[in-house]
Each structure stands twice: as C-alpha cells, then as structure tokens.
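1. got a predicted structure here, sequence first:
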Number of protein chains: 2
Amino acid sequence: MPDITVEGFVEEIRDLGGLKFIRLYATDGYKQITINKKKADPKLVTAFDTLTRQSCIRVTGEERPLPGPDEEGTEVHPSRLEILSLAAVPLPLEPSGKVPAELDTRFAWRFLDLRDDKKRTIFQVETAVEHHMREYFIENGFIEIHSPKLIGAPSESGAEVFSLPYFGREAYLAQSPQFYKQMAICAGFNRVFEVAPVFRAESSFTYRHSTEFTSVDVEIGYIKSFEDVVTFEQDWILYVLKKIKAEFGKRIMETFGVEIEIPKLPFPQVTMNEAYDIVEAAGIKVDRHSDLNSEGEKELGRYVKEKMGSDFVFLTEFPESVRPFYHMRPENNNSTTLSADLLYKGLEITTLAQREHRYEILRRQAVEKGLHLHNIEFYLDFFKYGAPPSGGFGFGLARFMLCMLGQKTVKEVTLLPRDPKTLFP
Amino acid sequence: MPDITVEGFVEEIRDLGGLKFIRLYATDGYKQITINKKKADPKLVTAFDTLTRQSCIRVTGEERPLPGPDEEGTEVHPSRLEILSLAAVPLPLEPSGKVPAELDTRFAWRFLDLRDDKKRTIFQVETAVEHHMREYFIENGFIEIHSPKLIGAPSESGAEVFSLPYFGREAYLAQSPQFYKQMAICAGFNRVFEVAPVFRAESSFTYRHSTEFTSVDVEIGYIKSFEDVVTFEQDWILYVLKKIKAEFGKRIMETFGVEIEIPKLPFPQVTMNEAYDIVEAAGIKVDRHSDLNSEGEKELGRYVKEKMGSDFVFLTEFPESVRPFYHMRPENNNSTTLSADLLYKGLEITTLAQREHRYEILRRQAVEKGLHLHNIEFYLDFFKYGAPPSGGFGFGLARFMLCMLGQKTVKEVTLLPRDPKTLFP
C-alpha cells in the first residue's frame, strides 16, 4: 500500500515490548499507528517516546491491514513524525469519556471533552440538519434575513430580557426576531427565515433551557389560515429527517443507539383541552390556564407515541391567556388563539401562530395585555400601511437535536452552553 | 387565458375616464391591474374605489396581453378583490423612491423603504450569496458552529466592547467568534465556519461601519502555511461569484448597472510596504505603522484594478504592531505577521491570518501586547494540551454585498442597520 499521512490527537499510547501502539483521534476518526521498535529508525522511535497523550501530530507511513486473522481495518507503520504541539501533563479531563466527569468539569474543558468521535458526530449531524433546513427554505423561495439583536425596546413582555448601556441609552438583547420577521413580511419579502442567537435572561437550570440559543425562525406571508404554517413546518421537518436518515441513519444508530424515524404526515393534532384531559388522566396535576409543564409534555409525548404512533404532535387551541398579544384569535372564539406548539418526543420545539395583522385589533390586544404602547409603537406601525396576513414559527435547534439524537440535555448539542452561572470558556 | 391570483401592495392608482389602473407591487414583481368601470361589476368598482396606496390586496382575474401594439407584458382584469389590509393616509414615505428622502427617514420607515423590487433584489441576491458560501463549506467538509455571543471577558483588546449585567456579574458581547472558532479546531473539528452577528461599540458614522453586523467566519486546521488560507478564500469567492453571475448577473446589471466580474486566480498580493509606496505616490499621506485609511484603500483598489486588472487584492506582511497577539509571525522576521487583508474594489472585506498555536509563544506575544492574562487564560488553555496549526478569516457580508452591487453604504444591504444613534425600529 502507498504511504499515507494522518493527523490528529494522541488518544492512547501503549508499549508492548518491542511494539508501540498509538491510537490517534484523527481528522476522520480513530487510526492505529504501530511502531516496531527494532525495525524502525531509532531516531523515530526516540521521537515517538517523547509524545504525551493528546499531543497533536502528523504521521506519514505505510498503511497495512491489521495482522490478526480476525482483525478488520488497517494500521499505519510510520516513517515520519511531526509533532505539531506537545500536550502538557497531566490532562485536566479525559477526552474519551472513559473516566466519568461532572458536567461542569466537562464544560469547563469543553475543547478536550469534544475530542471524541461521538461528540464530533453530533455537530456533523447538526451541520447537515441546518444545511437541509436551509435548502428547503431556498427551494421554496425564502429570503434569509439577519435582524438586529441590539434593540431599543424589549421584544416581548419585558421580563427575562438582558439590557445594556448603549451610547448613553439603554439597549436590549432580542429575545426573538419576532417583530423583525414580521417587518420583513410587511416589507414585501413574502417568506423569510433566520438562523441566529436569541437571548433569554431566565434564571433556570434545566435540561432544556439556556440563556442563549440558536433559533430557526420562519415567517410566511399571504397565508390563508394558520394550517398553512402547520403544513409547511411538518413538510419541512419530514424533508430534513429523510435527508438525515439517508446520510447519517446508520452512524447515528451505531453511535447513539437511536433510530431516525420518518414521521407520517399529517402530524397528529391535539387541542389544549384534550391535552389537559390526557395529562390529568395520567395523574399529573394541570393548570388549565397555563402551558403544560415538563412532566405534562412528556406524558403527552408518551401518549401520542403509544396511541397515534407519532413522535410529533401539534398542540392547538391555546388559551389566549398564555399567548402573546400578536397571536391571532379565531373569529368565533376570542378566548383561544390560532396557534400551536409542536412537541417532538415530549419536548416543545416550536411555537407557531398566525399573526394578527389588522392594526386596530392588534393595538387593542396589546392594550388588553397591559403592554406599554410607546415601547411597541414602532412595531404597530408595520401594520398601518398595508400588511399581508402572515404566520410563522420559532424552532429551537438544540432541542430538536437533543430529541433526535436521544441526548440528556441541550448542553450536549451546544458548542458552549450558557446558563446563569456560565460565561466561560 | 385562465384566471390568476396576484397579491401585493398597491403601488399606484390612476383613474383615466372609464378605466382604473393599479400598479401592484406583487410577490414576484410589478403587475398591472386594469378595471373597465363600465364593464366590471359595479360592486367591484366600488370596492376598488376604497383602496388607498400601499394597501395590501389579493386580486383574482383574467390575465390578458397589454392591448397596445408596442406593449409587452400582461394585465389582470379582476373579477374579485380581497382587501387584506387598508393602508392609512398619508404615507410617511414613498416606497418607490420616486420622492427622494433622507437616509434617516428611509430607515425610520424601513418596511416601506424596502417595498421596492430593487431593494428586494438586494436581499434575494444576499440569500443566494450566503447559500452558495455555505454549499462550498459543506462540500469541503466544514462543521458549522454557533459560538456564544455572551462572553465572560472581552474577546479582543477590550476597547469597543459592549458590556452588560449578567446575573450579578459582567458579561460582554462577542466582537468576533475568533477565540471560539480556534477552540473548535482544538476540539478536533478540523474545519469550521460560522455566520453570526458580531458587536462593536464603535462610535463611528461611516459608510462601512455598523455596531452590529453579520460576520462569516472560517477556521481551517492542519494548514501548512498561511497561503493555504489565502488559497481557500480566493477559491471560495470565485465559486460564489460564478454562481451569482449565472443566477443573477442579468438582473443585477438591469437593476444596478453593475457587471459581476469573475476574478482570475490567484488574486494579486501586495505587501504593506509596497502598498504604502503606491498610496504615497498618489499623494496620500500614510502612516507606516498603521493600517491604510479609507482613502488609501480606495487608491490601492484603483491602482490594482488599473495595473493588474483585478477587483481583489491581498495585502500581506502586516507589521505586528497593527495585528493582534494571536497572529503568527514568520520565523525569520518577528516584526511582521503571517496575515493579510483582502480588499474588494478598494474596501477591506477580510482579515486573514495563520494563528500562533504554540502555547509559550502565544502567551509571550499576549504579554508583549500588554494583555491581562487572567482575562484570556481560558483561551490560552486551548493550546496547552495539543493544538493543530490553523488559520482562518473573518468576512464582512455587508461589505462584500456593498462592493458587489455597487451600493453607497452598508446600510443599503442591511435589513435594519445599527449605529450609535439607531436602535429603532
């Protein structure tokens, strides 16, 4: 076989008499490097002896099949070693996860924690997920927007917003691109999407919350009903899951033991009243003027999987009391909204709604919710000079990844998670 | 011809005796709607009479060729009108740009300002530019990252950084994903990109600055020299420009009068010393320990276009005094750096460099630049336990769009520009 060059981190070093084995975490997975100390150039053997674990090296040598009769794969017999960077000793964390570490320790040394093919796989899959999501948007005539994260007034209720000094004034960090994706529709952009960070000053420490996360936002103009948005979202998710299954299904099964299931369309829909009943019947307390809590969502997910065979369910007919002022309400029932949450394996990944685009009604709903109009006058103005009906959704990328890959917390699928305690690294 | 349905904003209304003409800014461009008041249903005529300019409507009717012998195109003879949203009178801004308005007024009413096919085109082209950029990354095995924007220490020198209260501590808004894209390389991600907002608390009001803008960031591991990064970037830009020319070349010429020129590879390179000479020879004062100023960059762009026939030029051999501590310096000349700026039509759109990945040297360079090590210890740690050599660049999306489409300011290619005065809408 011809010479090859492999690069990566020294995962493990084993000396077995006349042989030295190096397990390299290389740029495309693990590679074995075998040095026959008697046959190899003594200078090369000495150089290999200086290596510490996790050092970064470049090795050139002959690739040979592994010698054992039952062994599959190859090993590299090096003729050249380039030490790109020698690692200090001792390591503050075991990258391979062989020595269990606390979550805090792992994330304090995230760059070592991630030196593991399992974890690289998460981000390779996420890259593909995003790419196929975007592909679908592009094929469907969407315009990509980048809305400002520095804004002059809180974009939602004002709670849970970060604020900062801005040239003698107060600025806020956008909790969502909601107002601006609607602006883009009023600007004649027809259909828009944005993939960007959003910021929530929530003092919660749960497996599903972060103070900063990536939101995939969609807004579609000229819809005829909120069902148009429901249809769009389920088609879009189906498209993405099919692509991921084809490209990564086998690897995801091998790495995480999770099967990528292709959902059937349409996703089932359950009204909030039905959901309260289902959750209550399972012995979980519910507040019928509130969202389901985490336990309720999980129970509903379990129920829908069992009874309807679906990982996905749209929760519909949300009471207006738990929805923001800009959600449209049906003509015949002012106490609910034309909105839905999408649950994936018992976790909310989306809030979806048709928007109220009629200036007078929108203004009235804002007043009823006790909003300070002077803060949102700029937003209300978007609907004063001709506004298309529209609807859309926000989609939590990390939550989707968490459910798809069967992970325990959004932290696992986030490069550097942020919570109230964590600003480093 | 069969009936069609068109939707959009009422751009213009003209009454000519028995005929009413509406110019509709529709979802796919301008459409003419013609109502023959004598032949049409009187109720329909009355409904059309209630329309105000910029109202949002849906019209169904017969599509017919324009009647004049020299007229191309079609008109719609409506049988149905749905008023989706009636616009208030008077309009605070003329969307078509027919009545010139100050930049400030235009951006105060940005959603009206954008109701113009010329402006929609800018964002359609930008969407395609980004899509093809990402395509190239994906085809070349890159992982997409989302690095945190809320960080515990200023990512660069500490000047021009926004800070904010964060659960009893101080947080900062990332000025670039620099530290984190390097972390991803040290985590074994090989090649990464990010498209995300960056924040600069710069009190400048120029055609090329914003306090928040979209940065396309790239980092490539295991490079052998900084020329690897130069090669990657020019190949990437060539790929994108070819795609854009094929898809939008004609429309860009018709809309903006600009030809998309396909650059020749390699892009010319000019050292900073040569650049100082060229700019000085044109009678412009230069400070040889500083970057070129805007005037200098323009002159260099002009010179390179004239002498080398190129819109692009890499400025190389930057003195270390104007570069950050993490730029690698050549072995034989510690006073310069292995870095470059890329100019497009005389405007800097990229800073590119090989990074110093050797822990001791990196630390020494940080000390020499007067940095507080306790702020960047977490970053230095990335290079302590094995670090691949790497290089990369940051790329200003708006500046690229500005140059490509021959616009006057980055504001024109930004949905909602942010400067020290502007936080609304």
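-> On my side now, so go ahead.

2. mind checking which helix or strand A:Lys20 is in?
-> If you go by DSSP states H and E, A:Lys20 is part of strand A:19-26.

3. partners of that strand in the sheet?
-> Partners of strand A:19-26 in the sheet, by DSSP bridges, are strand A:3-16 (antiparallel), strand A:29-36 (antiparallel).

4. need the mean per-residue confidence for that strand.
-> What strand A:19-26 shows for mean pLDDT is 96.

5. what's it in contact with?
-> Contacts with strand A:19-26, where a contact means C-beta atoms under 8 Å, 6 or more residues apart in numbering or on different chains, come from A:6-14, A:30-37, A:45, A:48, A:51, A:57, A:59, A:95, A:115-117, B:188. For the C-beta atoms, the positions are set from N, CA and C on the backbone; glycine is no exception.

6. got the buried residues for it?
-> By neighbour count on 16 or more other C-beta atoms under 10 Å in any protein chain shown, the buried set for strand A:19-26 is A:Lys20, A:Ile22, A:Arg23, A:Leu24, A:Tyr25, A:Ala26.

7. out of these, who's nearest chain B?
-> Closest approach to chain B among the buried residues of strand A:19-26 (C-beta to the nearest C-beta): A:Tyr25, at 6.2 Å.

8. and stretch A:350-357, what's its mean pLDDT?
-> On average, stretch A:350-357 scores 98.

9. so how far is it off the chain centroid?
-> Remark: stretch A:350-357 is offset 21 Å from the chain centroid, using C-alpha atoms, centre = their mean, to the nearest Å.

10. check stretch A:8-26 too.
-> Distance, centroid of stretch A:8-26 to centroid of chain: 35 Å (C-alpha atoms, centre = their mean).

11. show me what the top helix by length along chain A is packed against.
-> In chain A, ranked by residue count with DSSP state H as the criterion, the top helix is helix A:226-256. Packing contacts for helix A:226-256, counted by 3 or more C-beta pairs under 8 Å, 6 or more residues apart in numbering or on different chains; DSSP states H and E, involve helix A:117-139, strand A:212-221, strand A:312-316, strand A:339-344, strand A:347-354, strand A:390-396.

12. who are the packing partners of the following helix or strand past it?
-> For helix A:226-256, the succeeding helix or strand toward the C-terminus, using DSSP H and E, is strand A:269-271. Strand A:269-271 is packed against strand A:312-316, with contacts defined by 3+ C-beta pairs under 8 Å, 6+ apart.

13. okay, now the unreliable bits of chain A?
-> By pLDDT under 70, the low-scoring segments of chain A are A:1, A:155-158.

14. follow-up on the earlier one: now the strand holding A:Lys20 and helix A:117-139, what's the angle there?
-> For strand A:19-26 against helix A:117-139, the angle by axes from the mean of the first three to the mean of the last three C-alpha atoms, to 10 degrees is 20 degrees.

15. could I have strand A:19-26 exported to PDB, CA atoms only?
-> This file holds the C-alpha atoms of strand A:19-26, laid out as PDB (Å, rounded to 0.1, in the frame of the first residue of the first chain):
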ATOM      1  CA  LEU A  19       5.900  -2.700  19.800                       C
ATOM      2  CA  LYS A  20       4.400   0.800  20.500                       C
ATOM      3  CA  PHE A  21       0.800   1.400  19.600                       C
ATOM      4  CA  ILE A  22      -0.800   4.800  19.300                       C
ATOM      5  CA  ARG A  23      -4.500   5.300  19.000                       C
ATOM      6  CA  LEU A  24      -4.800   8.500  17.100                       C
ATOM      7  CA  TYR A  25      -8.000  10.600  17.200                       C
ATOM      8  CA  ALA A  26      -7.500  11.600  13.600                       C
END
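
16. stretch A:328-347: which residues count as buried?
-> A:328-329, A:336-347.

17. between those, which sits nearest A:Glu306?
-> A:Glu306 has its nearest neighbour among the buried residues of stretch A:328-347 in A:Gly346, at 11.5 Å by C-beta to C-beta.

18. give me the element the closest residue to that closest one other than its chain neighbours is part of.
-> Nearest non-adjacent residue to A:Gly346, counting by C-beta to C-beta, 6 or more residues apart in numbering or on different chains: A:Gly301, 2.3 Å away. In this assignment (DSSP H and E), A:Gly301 forms part of helix A:294-308.

19. so what touches that helix?
-> Here helix A:294-308 makes contact (C-beta under 8 Å, 6+ apart) with A:206, A:208, A:268, A:270, A:275, A:278-279, A:282, A:284, A:286, A:292, A:310-313, A:315, A:343-348.

20. what's the angle from that helix to strand A:339-344?
-> Interaxial angle, helix A:294-308 versus strand A:339-344 (the same axes, to 10 degrees): 80 degrees.

21. kindly report the residues of the stretch 301-425 of chain A close to chain B.
-> Within the stretch 301-425 of chain A, the positions lying close to chain B (C-beta under 8 Å from any C-beta of the partner chain) are A:357-359, A:378-379, A:381-389, A:397, A:414-416, A:418, A:420-421, A:423-425.

22. buried subset of these as a ChimeraX selection?
-> A single ChimeraX command selects the buried members of these (16+ other C-beta under 10 Å):
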select /A:357,358,359,378,379,381,382,383,384,385,386,387,388,389,397,414,415,416,418,420,423,425
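
23. by contact count, what packs against the strand or helix carrying A:Glu360?
-> Secondary-structure assignment from DSSP H and E places A:Glu360 in helix A:359-368. Contacts defined by 3+ C-beta pairs under 8 Å, 6+ apart place helix A:359-368 against helix A:373-381.

24. pull the residues that contact the helix it packs on.
-> A:152-154, A:158, A:179, A:182-183, A:359, A:362-363, A:366-367, B:111, B:424-425.

25. got it, and stretch A:117-128?
-> Applying C-beta under 8 Å, 6+ apart, the set of residues contacting stretch A:117-128 is A:25, A:29-30, A:97, A:113-114, A:243-244, A:247-248, A:251-252, A:255-256, A:397, A:401, A:404-405, A:407, A:412-413, A:415, B:138, B:142-145, B:188-189.

26. before we move on, what about stretch A:262-278?
-> Stretch A:262-278 is contacted from outside by A:230-231, A:234-235, A:237-238, A:241-242, A:245, A:286, A:288, A:292, A:296, A:299-300, A:303-304, A:308-319, A:336, A:340, A:342, using C-beta under 8 Å, 6+ apart.
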